[in-house]
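A.B. asks: Provided below for reference: sequence and predicted model.
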Amino acid sequence: MKRVAILISGGGSNMVALAESMTGDHPARPCLVLSNRPGAGGLARAEAMGIATALVDHRRFGADRAGFEAALAQVLDAARPDILCLAGFMRVLTEGFVGRYAGRMLNIHPSLLPKYRGLDTHARALEAGDETHGCTVHEVTPELDGGPILGQARVPVLAGDTPETLAARVLVQEHRLYPLVLRRFAGGDRRPVLLS
Ligand code: GRF
């Protein structure tokens, strides 16, 4: 049974979708939900689901990114994860940290990568007049939002969309896509999951 650590910064809706999917004959189970923010709503949701939680408050480390990541790694390694899922985790990770988990760390990004790496993806898609948008699950590599693509889900951009309405439409697909990718990845299959 693969052990999955999920890293969050906020509400953790993707964490909930992932955790709820890991049942029955699924080859993985959640072993830890870890947040960098004390107030992250996902911590309470994970506790309510009976999942072990941990907090490594990045503000304690100021500009000492290496110190923060060393604390992250210590907490993570104690949970012995086979796979790490970044799910709404809003800290950029250094090459050193990413290297520790190369080949077994996933992230979900709210755009059809390689379009719109970074932030404000929905506003940028609207600004560009895109007719289609969506989300991507990819392996995490030192290149921000740049690793091998493991899955994508597409949504239409509708007349009158705002960044908020578009984000909400994408989020629904995130909750479909990420669990499907994790199940395939945990089974050793890296073929991309492509949802229309
Ligand atoms: C979502 O927009 C997701 O695309 C991004 O973080 C946001 C919040 O995700 N990764 P969650 O509700 O905390 O899972």
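C.D. replies: Cool, got the structure. None of these values were measured; they are calculated from a predicted model.

A.B. asks: quick one: distance of stretch 7-17 to the chain centre.
C.D. replies: In terms of C-alpha atoms, centre = their mean, to the nearest Å, the centre of stretch 7-17 is set 8 Å apart from its chain centre.

A.B. asks: ok, stretch 178-194 next?
C.D. replies: Per C-alpha atoms, centre = their mean, the centroid offset for stretch 178-194 relative to its chain is 14 Å.

A.B. asks: so which bits of it are buried?
C.D. replies: For stretch 178-194, a neighbour-count test (16 or more other C-beta atoms under 10 Å) marks 178, 179, 180, 181, 182, 183, 184, 185, 186, 193 as buried. (Glycine included, C-beta is placed from N, CA and C.)

A.B. asks: then stretch 86-99?
C.D. replies: 86, 87, 88, 89, 91, 93, 97, 98.

A.B. asks: these: which ones sit near the ligand?
C.D. replies: By C-beta under 6 Å from any ligand atom, the members of the buried residues of stretch 86-99 lying near the ligand are 87, 88.

A.B. asks: got the buried residues of stretch 86-99 as CSV, with distance to residue 123 and pLDDT columns?
C.D. replies: Converted to CSV, those look like this (distance: C-beta to C-beta, whole Å; pLDDT from 0 to 100):
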residue, distance to residue 123, pLDDT
86, 22, 98
87, 21, 98
88, 18, 96
89, 21, 96
91, 21, 92
93, 24, 92
97, 29, 95
98, 27, 95
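
A.B. asks: looking at the buried residues of stretch 86-99, spot the one nearest the ligand.
C.D. replies: Proximity of the buried residues of stretch 86-99 to the ligand (C-beta to the nearest ligand atom) peaks at residue 88, which lies at 2.6 Å.

A.B. asks: the helix or strand bottoming out on mean pLDDT in the chain - contacts with which helices or strands?
C.D. replies: Lowest by mean pLDDT, DSSP states H and E among the helices and strands of the chain is helix 95-100, with a mean of 94. Other helices and strands packing on helix 95-100, by 3 or more C-beta pairs under 8 Å, 6 or more residues apart in numbering; DSSP states H and E, are helix 65-79.

A.B. asks: okay then, goodbye and thanks.
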